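> Curious how this folds, go ahead:
(chains A and B, ligands or ions: 2)
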Amino acid sequence: MTTLEFRNVVKRYKVRGAGRSNELLAVNDVSFTLESGKTIALVGQSGSGKSTIAKLLLQLERPSSGQILLDGRPIRHRGKGLRDYRHQVQMVFQDPFASLNPYHTIAHHLARPLRLHGRARTRDQLEAGVARLLERVRLTPTGEYANKHPHELSGGQRQRVAIARALAPEPTMLIADEPVSMLDVSIRLGVLNLLAGLQREENLGVLYITHDLATARHFSDEILVMYKGQIVERGPADDVILHPQHEYTKLLAAAAPNPELRLQQLAGA
Amino acid sequence: MDTSIAVTNKAGDKPTRVRRESSLSRLLPSRSAKLIVGLIIAGVIILWGIVGPLLVGDPHAISTDAFAPPGPNHWLGTTQTGQDVWTQVAYGTRGSLIIGFVVGILATVLSAFFGVLGAYIGGAVDEGFALFTNVALVIPGLPLVIVIGNYVPQNQRGLFLIAVVLAITSWAGSARVLRSVTLSLRNRDYVSASRVSGEKTWRVLVVEILPNLIPVMASQFVFAIIFAILGEAGLSFLGLGASNTFTLGTILFQAYNDLALTQGAWWWFVPPGLVIALFGCALSLINFSIDEIINPKLRNQTRAARKAWGLTAEQIKRLEKEDVK
Ligand SMILES: Nc1ncnc2c1ncn2[C@@H]1O[C@H](COP(=O)(O)OP(=O)(O)OP(=O)(O)O)[C@@H](O)[C@H]1O
Ligand SMILES: [Mg+2]
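Ligands and ions are numbered 1, 2, ... in the order given. All right, here's what the predicted structure looks like:
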């Protein structure tokens, strides 16, 4: 079993205000552990630091203090250590319109990680690998999708490509930063179900970042509630939603009065 | 920068395909009259600059036939010393084109190096490069050129020196534009995504960022050529041009010096002037059509057109937001 641990992580940003420079605590002493086979939902309002946690986990940013540990060992920031880390931890970005390069084909987006992580070498292997990935995210006929450019796909299809790209290195951990918030309501559940299915098949550890309490409860084992850079409440999904302790969580739960109903609405749409 | 978009149907997940294009054809605007006219004029002039000198005689050859108007012996008449203008224009076109392309390439390389590389590396390197670019930007070009022109003895003032001087005084503006475009591109999600995929730093730059800069750089390259040809003509006219080489500018300078105007010898200065003007026009037309690719607002993608494709109000709004980026 793989674990990815956040231990007392702090991230400060310097912000240049009018004349004076200020510090902004985007992530303030956050600890949690992701385990393979489990889904943790990270909820919180806009600006609470959710994406910053994702960036730290993906090594797109370095923590100001604290540690990130993979299987109990501090993670490496360069060279082979970094490559091995990227092998294990992958990400699905929020905006599928921004996360695919308009210049390149879908095949390019999938073939690069396959090659970089030694999953395929020859032309034929790459082609087969791309087809296999597209099939796993239900984009068939695969040959047709492989040669398209991102702008020829719908938002939902683009997000499926982004998921396929994240799966290419065969990771053990998947960070999904609001993977459906940019998508049309009618196709959100399809994408989330796809993610949940892949998570079960691959025994992935998933960090599901979202605003939506209903899907957080339905798709995850545990919920972390973030507020102004700190985790203010955590626990099993049902407990957090049904018996919120912290003021902020109560507010959130009240704003979405009936999660079950909302989920049915989503499914019915 | 989409040139077409997928139209989503009710079920949402299955788009009706509008158009499929290759990477390269997406960089070109579709059937633009401006582009075609520009390419044809520029093509003819470039071809003339390459082939012309091979077909005509020695441009320096003098004859007793001074200030002869256009006729069967001399298609474009002769100069004060009886040199054939048609022959000179052929060599002059080649000279000006060489200057144009050498400056275009040098300025593009310099601006890419200081603009793109600095912005991509960031930090102190970026600040240093940006400072250097700004200094280069405010160096007054003409005085510098005059100083250099005076310093270098006339017999050593070759085509290449003039090209280098023009390139040095013209790359900085492009570098600033490239820097700001690169700064915005390197923060795009797809750049982070390729880093997460494990792509090497230099490959992210070359494979993910550079292709998206091609339209901007192409436009700057074309502009640098216009600038160089006009700049060279201006320098030559001031008597600071390349010596021993024919360019359109040096022909004009000679014509002016040898009183072609007062003698009414229009055939001496109109043809080179016309070639410069036509080539400038053609390159500007090409540039306008490249601009239309870079700036979607100039493109024929109006609200009405998008409605006609059956997009919802929300999708149109999102596209318009993308345009603003
Ligand atoms: N590169 C940066 N420089 C300075 N401040 C930053 C930077 N990135 C994020 N921040 C700040 O850190 C805070 C947390 O941002 P973050 O993107 O993590 O929020 P979020 O919870 O993901 O919000 P949302 O739900 O809107 O995506 C915000 O106040 C943001 O302005
Ligand atoms: Mg976010």
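> Give me the nearest residue to B:Arg157, chain neighbours excluded.
Sequence neighbours aside, B:Ser243 is the residue nearest to B:Arg157 in space, at 5.1 Å (criterion: C-beta to C-beta, 6 or more residues apart in numbering or on different chains). All C-beta spots, glycine's among them, are computed from the backbone N, C-alpha and C.
> I figured that neighbour hits B:Gln154, correct?
Yes: if you go by C-beta atoms under 8 Å, B:Ser243 and B:Gln154 touch, sitting 5.1 Å apart.
> what about the two, which has more around it?
Counted by other C-beta atoms under 10 Å in any protein chain shown, B:Ser243 and B:Gln154 do not tie: B:Ser243 has more neighbours, with 17 against 13.
> Phi first, then psi, for A:Tyr208.
phi -100, psi 110 (degrees, to the nearest 10).
> Could you find the closest non-adjacent residue to it?
Spatial nearest neighbour of A:Tyr208, chain neighbours left out: A:Ala41 (4.7 Å); criterion: C-beta to C-beta, 6+ apart.
> one step back: tell me the secondary structure for the residue nearest to B:Arg157?
Assigned by DSSP: H, G, I helix; E, B strand; the rest coil, the conformation of B:Ser243 is coil.
> now do A:Gln90
strand.
> touching chain A at all, the strand or helix carrying B:Ser236?
Element membership for B:Ser236 (DSSP states H and E) is helix B:210-237. Yes: using C-beta under 8 Å from any C-beta of the partner chain, helix B:210-237 comes into contact with chain A via B:Pro211, B:Asn212.
> any idea which helix or strand comes after that helix?
For helix B:210-237, the following helix or strand on the C-terminal side (DSSP H and E) is helix B:248-257.
> buried stuff in that following helix?
Buried positions in helix B:248-257, judged by neighbour count with 16 or more other C-beta atoms under 10 Å in any protein chain shown: B:Leu248, B:Gly249, B:Thr250, B:Ile251, B:Leu252, B:Phe253, B:Gln254, B:Ala255.
> which regions of the stretch 101-250 of chain B sit below the pLDDT cut-off?
Residues of the stretch 101-250 of chain B meeting the criterion pLDDT under 70: none.
> Give me the average confidence score over stretch A:174-182.
If you average the pLDDT over stretch A:174-182, you get 91.
> list the contacts for B:Thr133?
Shown in contact with B:Thr133 (C-beta atoms under 8 Å, 6 or more residues apart in numbering or on different chains): B:Phe114, B:Gly115, B:Gly118, B:Ala172, B:Ala175, B:Arg176, B:Arg179.
> For A:Leu116, see how far away the closest residue to A:Gly81 other than its chain neighbours is.
Spatially, and ignoring its direct neighbours in sequence, A:Gly81 is nearest to A:Ile75 (7.4 Å; C-beta to C-beta, 6+ apart). Using C-beta to C-beta, to the nearest Å, A:Ile75 is found at 18 Å from A:Leu116.
> same question, A:Arg76
Between A:Arg76 and A:Leu116 the computed distance is 17 Å (C-beta to C-beta).
> These two - which one has more neighbours?
Between A:Arg76 and A:Leu116, counted using other C-beta under 10 Å, the more crowded position is A:Leu116 (19 against 14).
> list the contacts for that one?
Contacts for A:Leu116 (C-beta under 8 Å, 6+ apart) come out as A:Arg83, A:Pro169, B:Ser197, B:Gly198, B:Glu199.
> Where do the strands of chain A begin and end?
Using DSSP state E, the strands of chain A run over residues A:3-16, A:21-35, A:39-44, A:65-70, A:73-74, A:89-92, A:173-177, A:205-210, A:222-227, A:230-236.
> packing partners for the fourth one?
Helices and strands touching strand A:65-70, as assessed by 3 or more C-beta pairs under 8 Å, 6 or more residues apart in numbering or on different chains; DSSP states H and E, comprise strand A:3-16.
> Tell me what angle the strand it packs on forms with strand A:230-236.
On the basis of axes from the mean of the first three to the mean of the last three C-alpha atoms, to 10 degrees, strand A:3-16 is oriented at 160 degrees to strand A:230-236.
> Residues contacting the helix or strand B:Gly43 falls within, please?
Secondary structure assignment for B:Gly43, by DSSP H and E: helix B:33-55. Contacts to helix B:33-55, defined as C-beta under 8 Å, 6+ apart, come from residues B:28-29, B:89-91, B:93-94, B:96-97, B:275, B:278-279, B:281-286, B:288-289.
> If any of these are buried, put those into a PyMOL selection.
Selecting only the buried entries of the contacts of helix B:33-55 in PyMOL, with 16+ other C-beta under 10 Å as the criterion:
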select buried, chain B and resi 29+89+90+91+93+94+96+97+275+279+282+283+285+286+288+289
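> Out of the contacts of helix B:33-55, which sit inside helices?
The members of the contacts of helix B:33-55 that map onto helices under DSSP state H are B:89-91, B:93-94, B:96-97, B:275, B:278-279, B:281-286, B:288-289.
> Around the spatially closest residue to B:Arg94 that is not a sequence neighbour, how many other residues sit close by?
Among residues not flanking B:Arg94 along the chain, B:Gly49 sits closest, at 4.4 Å (C-beta to C-beta, 6+ apart). For B:Gly49, the neighbour count with other C-beta under 10 Å is 24.
> If I look at B:Gly49, what pLDDT would I see?
The model reports B:Gly49 with a pLDDT of 85.
> cool, B:Leu283 as well?
Model confidence at B:Leu283 (pLDDT) stands at 86.
> again with A:Ser31
Note for A:Ser31: predicted pLDDT of 94.
> residues near it, how many?
A:Ser31 has 13 nearby residues by other C-beta under 10 Å.
> I'd guessed B:Asn212 sits against B:Ser184; true?
No: counting by C-beta under 8 Å, B:Asn212 stays clear of B:Ser184, with 10.1 Å between them.
> out of these two, which sits in the more crowded spot?
The neighbour comparison of B:Asn212 against B:Ser184 (other C-beta under 10 Å) goes to B:Asn212, with 19 against 11.
> what separates that one from A:Tyr103, distance-wise?
For B:Asn212, the distance to A:Tyr103 - C-beta to C-beta - is 6 Å.
> go on, A:Leu134?
Distance from A:Leu134 to A:Tyr103, counting by C-beta to C-beta: 20 Å.
> ditto for B:Pro143
42 Å.
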